[in-house]
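Enquirer: Have a look at this fold, sequence not included:
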Ligand SMILES: N[C@@H](CCC[C@H](N)C(=O)O)C(=O)O
C-alpha cells in the first residue's frame with residue numbers, strides 16, 4: 001500500500017536527514033523505502049532517516065533500550081542504506097529542533113530534553129552553537145586495526161572507539177594527505193569489525209592547542225552511507241583519539257573542523273565515568289510530502 005509521508009529535511013554541519021513524526025509507532029518503513037528516500041538522484045537525498053516515535057509505542061526490541069522512562073521520544077535512526085544505527089550525534093540535534101519546532105516537545109534554555117536512542121538515553125540542551133548533547137560514556141579498544149584507503153600510500157593503524165556506535169580513528173600527517181583521500185571507495189579495516197565501523201581520518205591542528213582548546217581537521221567515511229560532510233559521533237571519537245595520542249597535557253576542550261563546518265567537543269566527569277559532550281548547529285531547511293510505493 002502506498003504511504004504518504006510528511007517530512008522535514010534538516011542538517012547539522014551538512015550531515016543531512018529526512019525526519020518524520022510517527023508518534024504512535026504505526027509507520028514501519030522498509031529498507032527499500034529508506035534507500036529510495038535517501039537516494040540523491042531518485043529520491044529526496046539524505047545521509048539518514050529519523051523517525052520520531054514515542055518511546056511508549058516502540059516495539060519490544062527497541063523499548064528495551066529506553067531505560068529512562070523520562071525519555072518520552074525515541075530517535076529511530078536509519079543510515080542511507082537502510083541499516084539501523086545506535087546513535088547519531090548530528091542527527092540528535094536536528095531531531096531536537098524537529099521535535100520542538102513541530103510542537104511535539106518543549107525545551108527552554110537551561111532545561112534538558114532526554115531522548116531515547118539505541119545507544120541509551122541522551123540529554124540535550126540548548127547551547128550557544130545550537131544544541132549540546134551529553135554523548136554519555138565511551139570506550140576504546142587496545143587492539144589497533146590497520147586501515148587502508150584509496151589515496152593512502154600504506155595502511156595506517158587506527159584507534160577503535162565506541163561512543164554508542166563504532167568508530168576507527170586514523171591519524172594522518174597533514175592536510176595534503178587528508179585532501180588526497182578518495183573516500184568514494186570504502187576504507188578497508190583489518191581485522192574487519194563484526195558490525196562495521198565509521199572511519200575518521202584526522203589531522204591534528206598546527207599548533208594542536210590554541211588558548212587551551214585543541215584543534216582537529218577531519219574527514220569521515222560513514223558506515224551505511226559513504227563520505228559525509230560531517231559525523232557528530234565521529235568528531236567525538238576524533239577528539240578522544242587525539243587526546244589519547246597527545247598524552248597528559250592534552251586539553252578536554254576541542255574544536256573539530258569537518259567539510260560541513262565546525263563542532264565543539266568537551267570531555268567531563270560524570271557520575272558513572274568520563275562523558276563527552278557535543279555542541280553544534282541544527283537546521284531545518286524545508287518540509288514536504290512524498291508518496292512511497
Ligand atoms: N552521522 C552520524 C552517525 C550516523 C550513524 C553511523 N553512520 C553509524 O552507522 O554508526 C553522526 O552524526 O554521529
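Expert: Ah, there it is. This structure is a prediction, so every number in the text was calculated from the model and none was measured.
Enquirer: which parts of stretch 72-81 are buried?
Expert: Buried residues in stretch 72-81, counted by 16 or more other C-beta atoms under 10 Å: 72, 73, 74, 75, 76, 77, 78, 79, 80. C-beta coordinates here come from the backbone N, C-alpha and C atoms, glycine included.
Enquirer: Hmm, I typed the wrong one, I wanted stretch 142-155.
Expert: 145, 147, 149, 152, 155.
Enquirer: Kindly report the same for stretch 205-219.
Expert: Buried, per 16+ other C-beta under 10 Å, within stretch 205-219: 205, 208, 209, 214, 215, 216, 217, 218, 219.
Enquirer: Taking those residues together, which two end up most distant?
Expert: Within the buried residues of stretch 205-219, two members stand farthest from each other by C-beta to C-beta: 209 and 219, at 21.5 Å.
Enquirer: Just say helix, strand or coil for residue 90.
Expert: helix (DSSP: H, G, I helix; E, B strand; the rest coil).
Enquirer: what residues are up against it?
Expert: Counting by C-beta atoms under 8 Å, 6 or more residues apart in numbering, residue 90 makes contact with 11, 12, 13, 15, 17, 230, 231, 232, 280, 282.
Enquirer: quick check, stretch 24-37 touching the ligand?
Expert: No - judged by C-beta under 6 Å from any ligand atom, stretch 24-37 makes no contact with the ligand; its nearest approach is 12.9 Å.
Enquirer: Then stretch 133-145?
Expert: No - if you take C-beta under 6 Å from any ligand atom as the test, stretch 133-145 misses the ligand, and the best it gets is 9.1 Å.
Enquirer: what is the mean pLDDT for that stretch?
Expert: Per-residue pLDDT over stretch 133-145 has a mean of 94.
Enquirer: Can you get me the start-to-end distance on that stretch?
Expert: Using C-alpha to C-alpha, to the nearest Å, one end of stretch 133-145 lies 29 Å from the other.
Enquirer: For that stretch, what is the distance to the chain centroid?
Expert: From the chain centre to the centre of stretch 133-145 is a distance of 14 Å (C-alpha atoms, centre = their mean, to the nearest Å).
Enquirer: picking up where we left off before, would TSV of the contacts of residue 90 with distance to residue 96 and secondary structure be doable?
Expert: Below are those laid out as TSV (distance: C-beta to C-beta, whole Å; DSSP: H, G, I helix; E, B strand; the rest coil):
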residue	distance to residue 96	secondary structure
11	14	strand
12	10	strand
13	15	coil
15	14	strand
17	12	strand
230	16	coil
231	18	coil
232	12	helix
280	12	strand
282	7	coil
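Enquirer: Not counting sequence-adjacent ones, nearest residue to residue 79?
Expert: Computed as C-beta to C-beta, 6 or more residues apart in numbering, the closest residue to residue 79 that is not its neighbour in sequence is residue 224, at 2.9 Å.
Enquirer: backbone phi and psi for that neighbour, please?
Expert: Backbone torsions of residue 224, given as degrees, to the nearest 10, read phi 80, psi 10.
Enquirer: ditto for residue 142
Expert: Residue torsions, per degrees, to the nearest 10, at residue 142 are phi -70, psi -30.
Enquirer: ok, it to the ligand distance?
Expert: Counting by C-beta to the nearest ligand atom, to the nearest Å, the gap from residue 142 to the ligand is 21 Å.
Enquirer: Kindly reformat the buried residues of stretch 72-81 as a markdown table containing pLDDT.
Expert: Below are those laid out as a markdown table (pLDDT from 0 to 100):
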| residue | pLDDT |
| --- | --- |
| 72 | 94 |
| 73 | 96 |
| 74 | 95 |
| 75 | 96 |
| 76 | 96 |
| 77 | 97 |
| 78 | 98 |
| 79 | 98 |
| 80 | 98 |
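Enquirer: Which of those sits closest to the ligand?
Expert: Here the nearest of these to the ligand, counting by C-beta to the nearest ligand atom, is residue 79; it sits at 4.9 Å.
Enquirer: So for the helix or strand of the chain with the lowest mean pLDDT, what gets flagged as buried?
Expert: The least trusted helix or strand in the chain, going by mean pLDDT, DSSP states H and E, turns out to be helix 60-63, with a mean of 70. For helix 60-63, the neighbour count (16+ other C-beta under 10 Å) marks residue 62 as buried.
Enquirer: Check the offset of it from the chain's centre.
Expert: With C-alpha atoms, centre = their mean, you get 21 Å for helix 60-63.
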